[in-house]
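Asks: pasted the sequence and its predicted model underneath.
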Amino acid sequence: MIKVDKDTCDYCGACVAVCPVDCIELFEKDIEIDNKICTDCKLCIYICPIKVMSYVEHKTV
Amino acid sequence: MWNTKQYDIVVVGAGPAGSTFARIAASKGLSVLLLDRKSKIGIPVRCGEGVMDSGLRLFHEPRSEWIAATVDKFCFVAPNGSSTTVQFQDKGYILNRNIFDNDLAVLAKDEGATVVTKVYVNGLLFENDKVVGVKGICNSEAFEIKSKLVIGADGVESRIGRMAGINTKLNLNDIDSGYQKTISGIKIDQNVCHFYVSNKLAPEGYLWIFPKGKDTANIGIGISGKSAINGESAKSRLNKFIDSKFPNHKVESISVGGIPLSKPIKQMVTDGVMLIGDAARTVNPLSGGGIILGMKSAAKAAEVAIKVLRNGIEPSTINLMEYQKRWMSNEGKQINRLYRIKKAIGKLSDKDLNRIIDKVNKIPIEKRSIARLFRACIPQKPSLLIDVAKVFMRY
């Protein structure tokens, strides 16, 4: 699954523009990824200008 | 807040495109609701803020508070550090987008549009597969608003389009990863925009220094999404550049964002929906400039929307298609040309870039032009030479 470092995220929406399954909800100062829809394609990790997203192997709470 | 739950038009996104559309539509007597996710329109700025005077004047007499700096030269810096300066006939401005964007929304309000901020639109209303409004959250409460037409002016994310069934997704070749710092305390020529072209510095993109008045500048970088896969991030690349070139700077603000640099979108309208501005990929894919083009798309879309709604015609795909046709026969065509030029230039190595800038620099400054520079950049293929001639005729 994809994890977002919400403290450093700037909520710019670059990730939303490349997400092939539209699983990212972006608010003024919050971001949510629907991991049920997410396919772990990692495009959001690549495009993020400040690299606040990362891939974690196992779903942990 | 809105007084009614029914509008002729709901515009989602109060950037230059959304506010321009709202202003024009409201001025013709249509009821318009302009929504924005942010608390304050224009903040944060996600933009290099450059526009041409001639472009801005198509819409507004420039106001002094909008303008941070006036430029009349471009300086292109090669990978090896040598550079060439090109003067242009027109002049350019580096805007204060925070003030500019807010003023455009106020102008829309002055024409009768209802402007509401801090509204999160998370879905569309459908009736018989046709879009008939929006839904979302405002002040932690769910809301629904009906409208004859929804305008997607929601920027690079372009989710209104997706919700309406239009494919607005960008692949990594067609979006740049962008990062910019506005810094002060630096010595910089306030009449020149600098463009650093170098695969080492900014692969398949460029790094810019745009003056922002006094001792301040917007220094930013755009690198192709593809090159960001395994490489260094836009942020890290820019920080290195700034720290080495301007060691004693003060950071005023930081701007992050994806820059859509694609061909025109295949579908700009669907039943009850029109896309404008960045959401419709109306950005110049070579320069990344999108303010004036976004406003132009807004004006074209508004013209068609006004005609359709005022005559009681159904806002169906077919009836709204006039907007896309008009766009594609003019600006859309230019964007296709710019995209081809961008692709050709993307293939240049740093060695090529050094040679080209050296070659252009040998031309006397009064004869140097943007058109000549780009002619030197592209392979001498007739079709591409025509593209350059058509795009840079005025420069």
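Replies: That came in fine, so what should we check first?
Asks: where does the closest residue to chain A within chain B sit: helix, strand or coil?
Replies: The nearest approach of chain B to chain A comes at B:G258, 2.9 Å away (CB to the nearest CB). Any C-beta I mention is one placed from the backbone N, CA and C, and that applies to glycine too. Secondary structure, DSSP: H, G, I helix; E, B strand; the rest coil: B:G258 is strand.
Asks: quick check: closest non-adjacent residue to it.
Replies: A:A14 (2.9 Å; CB to CB, 6 or more residues apart in numbering or on different chains).
Asks: which single residue of chain A ends up nearest chain B?
Replies: A:A14 (2.9 Å).
Asks: that older thread, report the contact partners of the residue nearest to B:G258.
Replies: A:C44, A:I47, A:C48, A:P49, B:V156, B:I175, B:S177, B:G178, B:V256, B:G257, B:G258 (CB atoms under 8 Å, 6 or more residues apart in numbering or on different chains).
Asks: got a winner among those for most neighbours?
Replies: Neighbour counts for the contacts of A:A14, by other CB atoms under 10 Å in any protein chain shown, peak at B:S177, which reaches 32 neighbours.
Asks: quick one: pLDDT of that residue?
Replies: B:S177 carries a pLDDT value of 97.
Asks: surely it is in a helix?
Replies: No: the assignment for B:S177 by three-state DSSP gives strand, which leaves it out of any helix.
Asks: and it, what does it touch?
Replies: Counting by CB under 8 Å, 6+ apart, B:S177 makes contact with A:14, A:46-49, B:222-225, B:228, B:233-234, B:258.
Asks: do you know how far the residue of chain B closest to chain A is from A:L43?
Replies: The spacing between B:G258 and A:L43, counted by CB to CB, to the nearest Å, is 11 Å.
Asks: equivalent analysis for B:V256, please.
Replies: 17 Å.
Asks: then B:V304?
Replies: Relative to A:L43, B:V304 is positioned 34 Å away (CB to CB).
Asks: next, count neighbours for B:R37.
Replies: Per other CB under 10 Å, the neighbour tally for B:R37 reads 21.
Asks: just B:L35 next, same as before
Replies: 27.
Asks: please name the residues that touch it.
Replies: Residues in contact with B:L35 (CB under 8 Å, 6+ apart) are B:V10, B:V11, B:V12, B:G13, B:A14, B:V116, B:T117, B:V119, B:V121, B:V134, B:G136.
Asks: most neighbours, which of those?
Replies: Within the contacts of B:L35, neighbour counts (other CB under 10 Å) peak at B:V11, which reaches 36 neighbours.
Asks: surely that one forms part of a strand?
Replies: Yes: under three-state DSSP, B:V11 sits within a strand.
Asks: ok, what's across the strand from it?
Replies: With DSSP bridges as the criterion, B:V11 is bridged to B:L34, B:I151.
Asks: that one contacts B:L30, doesn't it?
Replies: No: using CB atoms under 8 Å, B:V11 is not in contact with B:L30, being 10.8 Å away.
Asks: which other helices and strands contact the helix or strand hosting B:V51?
Replies: In the assignment (DSSP states H and E), B:V51 maps to strand B:50-52. Applying 3 or more CB pairs under 8 Å, 6 or more residues apart in numbering or on different chains; DSSP states H and E, one finds that strand B:50-52 contacts strand B:83-95, helix B:291-310.
Asks: how does it look with 10 Å?
Replies: For strand B:50-52, the packing partners by 3 or more CB pairs under 10 Å, 6 or more residues apart in numbering or on different chains; DSSP states H and E come out as strand B:67-77, strand B:83-95, helix B:291-310.
Asks: how far does the helix or strand immediately after it in the chain sit from the chain's center?
Replies: Downstream of strand B:50-52, the first helix or strand assigned by DSSP H and E is helix B:53-56. Chain-centre distance of helix B:53-56: 14 Å, with CA atoms, centre = their mean, to the nearest Å.
Asks: what residues does helix B:53-56 touch?
Replies: B:62-63, B:66-67, B:70-72, B:89-93, B:95, B:100, B:289, B:291-293, B:295-296, B:394 (CB atoms under 10 Å, 6 or more residues apart in numbering or on different chains).
Asks: buried subset of these?
Replies: B:62, B:66-67, B:71, B:92-93, B:95, B:100, B:289, B:291-293, B:295-296 (16 or more other CB atoms under 10 Å in any protein chain shown).
Asks: reformat those as JSON lines; add pLDDT and distance to chain A.
Replies: Below are these laid out as JSON lines (pLDDT from 0 to 100; distance: CB to the nearest CB, whole Å):
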{"residue": "B:P62", "pLDDT": "98", "distance to chain A": "28"}
{"residue": "B:W66", "pLDDT": "98", "distance to chain A": "23"}
{"residue": "B:I67", "pLDDT": "98", "distance to chain A": "25"}
{"residue": "B:V71", "pLDDT": "97", "distance to chain A": "25"}
{"residue": "B:G92", "pLDDT": "96", "distance to chain A": "25"}
{"residue": "B:Y93", "pLDDT": "98", "distance to chain A": "24"}
{"residue": "B:L95", "pLDDT": "98", "distance to chain A": "19"}
{"residue": "B:F100", "pLDDT": "98", "distance to chain A": "19"}
{"residue": "B:G289", "pLDDT": "96", "distance to chain A": "18"}
{"residue": "B:I291", "pLDDT": "98", "distance to chain A": "17"}
{"residue": "B:I292", "pLDDT": "98", "distance to chain A": "21"}
{"residue": "B:L293", "pLDDT": "98", "distance to chain A": "17"}
{"residue": "B:M295", "pLDDT": "98", "distance to chain A": "20"}
{"residue": "B:K296", "pLDDT": "98", "distance to chain A": "21"}
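Asks: what's the most distant pair in the residues you listed?
Replies: By the measure CB to CB, B:V71 and B:K296 form the most distant pair in the buried ones among the contacts of helix B:53-56, at 21.4 Å.
Asks: need the residues of chain A near chain B, please.
Replies: Within chain A, the positions lying close to chain B (CB under 10 Å from any CB of the partner chain) are A:8-22, A:24-30, A:42-43, A:45-52.
Asks: in strands only, show me these.
Replies: Among the residues of chain A next to chain B, the ones falling in strands (DSSP state E) are A:I24, A:E25, A:L26.
Asks: list buried residues within the residues you listed.
Replies: The neighbour-count test (16+ other CB under 10 Å) applied to these identifies A:I24, A:L26 as buried.
Asks: reformat the ones in strands among the residues of chain A next to chain B as JSON lines; add distance to B:V269 and pLDDT.
Replies: Converted to JSON lines, these look like this (distance: CB to CB, whole Å; pLDDT from 0 to 100):
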{"residue": "A:I24", "distance to B:V269": "25", "pLDDT": "96"}
{"residue": "A:E25", "distance to B:V269": "25", "pLDDT": "93"}
{"residue": "A:L26", "distance to B:V269": "24", "pLDDT": "92"}
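Asks: ok, so of the ones in strands among the residues of chain A next to chain B, who is nearest B:I370?
Replies: For these, the nearest to B:I370 is A:L26 (36.2 Å; CB to CB).
Asks: so what's the closest one up against?
Replies: Contacts of A:L26 (CB under 10 Å, 6+ apart): A:C9, A:Y11, A:C12, A:G13, A:C15, A:V16, A:E32, A:I33, B:R37, B:Y120, B:E157, B:R159.
Asks: brilliant, that's me finished.
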